[in-house]
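Peer 1: model the structure of this input:
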Amino acid sequence: MKKILHTLLIFFSFNVFAQDNTVDKQLNQKQESDTTKKISVYPYFKECKSSNSSVQVKCTKTRIRNLIIKNLVLPDEAYQLNVSATAYVKFIVDSTGSVSDLNLVKSSGYAIIDEVAIATVKKLPDFIPGQDGNGNKIPVKFVVPVKIVIDGDEDESSNDSKDSLSLKGRYSNTSVGGTMSISTGLWMPDNSLQIIGNHPFIGVQFGYVLKNRIHIDYLIESRFLYAPQDYNYRYEGQEETGRFYFGSYYGLEFDYSLFLKRNFAFQTILGVGYDRFDFKFPEIGNIFQMDGNFKGAAHSPNFNFGFLFKKRYKEILAISFYSRYNIVDYTLGNKINYEGNALVVGVRFGIW
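Peer 2: Purely as a prediction, here's the structure:
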C-alpha cells in the first residue's frame, strides 16, 4: 500500500452544503426524508469552533478534505486502471460525535476504488456532534463524493459550485521536481577508436522533471583504466605512444517517457555535451590551468541518443538501466587519428 498525490473533488450533501448537480439533489431529498429533527448546528471539529457558523462550516469542510487527502491510500493494482472515477460514501456523525454507518451510496464502477473511499472516510476523527433547535445532540448524515483521477488529466475548465471543495492535482510517478542519481557502466568505442579499449565509468546526474513525461538532466561522467595497448598521439607537436587514459563527459540529457506507469517508465534519451580523454597525465603545475590540461587531451562535442528503463523502489528510490550511443570525433584537435563513436551501457541508482 502506498500513498499518492491525486485529484480529490470533495463536497457535502447535507442542506447547508447542498450541490446543484442531479445526484446531490437526489441524495439531499433522501436525507431530508430521513431527517426528523431540524439541524441547528452542524457537526464540526473542535479546532473549527467559532461564533460565526459559516466560518465553522467552512473550516469543517476544509478539514474533512485535508484529512481524506492525507489518509487516502491506494494499493498498487489500482494504478493500472487509468481512470477518473467517483465513489459516493455516506456516513453519520452520531450524537456522540463518532463516525458510523458508513456505506456506499453510489459506486465508482470500480470495486477497488469504492473500498478505498470507504476505508479513507472511516479514518475521520470524532466530531463535535450536531444539535437541534433545542440544543439536543442529534445524528447528522453526510454524503462525501470522492473523485480520484489516476494517470489522467483533469479538465481544468470544469468548475464545481461555490460550496464544493476541490484540490486540483494529478498523481504522477515522476512528479515535478528534482532528481539525483549516481551511475556506473561501460564505455565501448567502435572502429579504429577501439585501440584505446573499453573503459568503466562512474558518474552523477542532477535532473529536473519539467512535466510528467519530460526530464532534463545534467551529467558528469569519468572513465578510467589504462588502454589495453599502446596507442599513438601528438603532444606539443611530437608523435608519442602510451597507454594512459582518463575520459570525461559533461552534458545535458533530455528524456521523454514513451511508457509511464506508477513504478516504472521507458524513456528515450537525447543528449549533447563536451567529451574528452586525456592521453597524458597533466603536469602537476598545469592541473588547474586550461592550457596545460588541453595539451594532453583529445576533445570532441558529443551528440548522443538512447533508451532508459526505470524501476521505482521504496516510493522515491529508483534503479535505471540505459544504453546510449555517443557520436564523437576526437580527430578534431589533430591530437589523434583514431576515428569512431562509442556505446555506453549503464545503471543508475537514485531519487525518482
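Peer 1: ok now the helix or strand hosting Leu343, how far from the chain's centre?
Peer 2: Using DSSP states H and E, Leu343 sits in strand 342-351. Relative to its chain's centre, strand 342-351 lies at 20 Å (Cα atoms, centre = their mean, to the nearest Å).
Peer 1: again, but for stretch 97-116
Peer 2: With Cα atoms, centre = their mean, you get 28 Å for stretch 97-116.
Peer 1: what do you get for stretch 118-133?
Peer 2: 33 Å.
Peer 1: can you check stretch 316-336 too?
Peer 2: The chain centre lies 27 Å from the centre of stretch 316-336; the measure is Cα atoms, centre = their mean.
Peer 1: please enumerate the strands of the stretch 101-250 of the chain.
Peer 2: Secondary structure of the stretch 101-250 of the chain by DSSP state E, counting those that start in this stretch: the strands cover 130-132, 137-138, 140-149, 165-167, 177-189, 199-209, 214-223, 231-235, 238-242, 246-260.
Peer 1: follow-up on the earlier one: next, the angle from the strand holding Leu343 to strand 177-189.
Peer 2: Between strand 342-351 and strand 177-189, the angle comes out at 150 degrees (axes from the mean of the first three to the mean of the last three Cα atoms, to 10 degrees).
Peer 1: mind checking pLDDT for Met1?
Peer 2: Listed pLDDT for Met1 reads 38.
Peer 1: buried stuff in the helix or strand harbouring Phe309?
Peer 2: Assessed by DSSP H and E, Phe309 sits inside strand 297-313. Neighbour-count burial for strand 297-313 flags 297-300, 302-304, 306, 308, 310, 312 (criterion: 16 or more other Cβ atoms under 10 Å). Using the backbone N, CA and C atoms, a C-beta is placed for each residue, glycine as well.
Peer 1: from those, which is closest to Tyr231?
Peer 2: Taking Cβ to Cβ as the measure, Tyr231 lies nearest Ala298 of those, at 10.7 Å.
Peer 1: and that closest one, how far is that from Ile69?
Peer 2: Using Cβ to Cβ, to the nearest Å, Ala298 is found at 56 Å from Ile69.
Peer 1: residue contacts, the residue nearest to Asn198 when sequence neighbours are not counted?
Peer 2: Nearest residue to Asn198, sequence neighbours excluded (Cβ to Cβ, 6 or more residues apart in numbering): Met188, at 4.7 Å. Counting by Cβ atoms under 8 Å, 6 or more residues apart in numbering, Met188 makes contact with 198, 342-345.
Peer 1: let's see it at 10 Å
Peer 2: Applying Cβ atoms under 10 Å, 6 or more residues apart in numbering, we find Met188 in contact with 194, 197-199, 326, 341-345.
Peer 1: of these, which is the nearest to Ser95?
Peer 2: Using Cβ to Cβ, Val345 comes nearest to Ser95 of these, at 67.3 Å.
Peer 1: the closest one: neighbouring residues, count only.
Peer 2: Residues near Val345, counting by other Cβ atoms under 10 Å, number 13.
Peer 1: hang on, isn't it packed against Trp187?
Peer 2: Yes: Val345 is in contact with Trp187 according to Cβ atoms under 10 Å; the separation is 8.8 Å.
Peer 1: residues shared between the contacts of these two?
Peer 2: Each of Arg324 lies in contact with both Val345 and Trp187 under the rule Cβ under 10 Å, 6+ apart.
Peer 1: element containing Lys58?
Peer 2: Using DSSP H and E, Lys58 sits within helix 53-71.
Peer 1: how far away from the center of its chain is the helix or strand just after that helix?
Peer 2: Counting by DSSP H and E, the element after helix 53-71 in chain order, helix or strand, is strand 73-74. The gap between where strand 73-74 is centred and where its chain is centred comes out at 16 Å by Cα atoms, centre = their mean.
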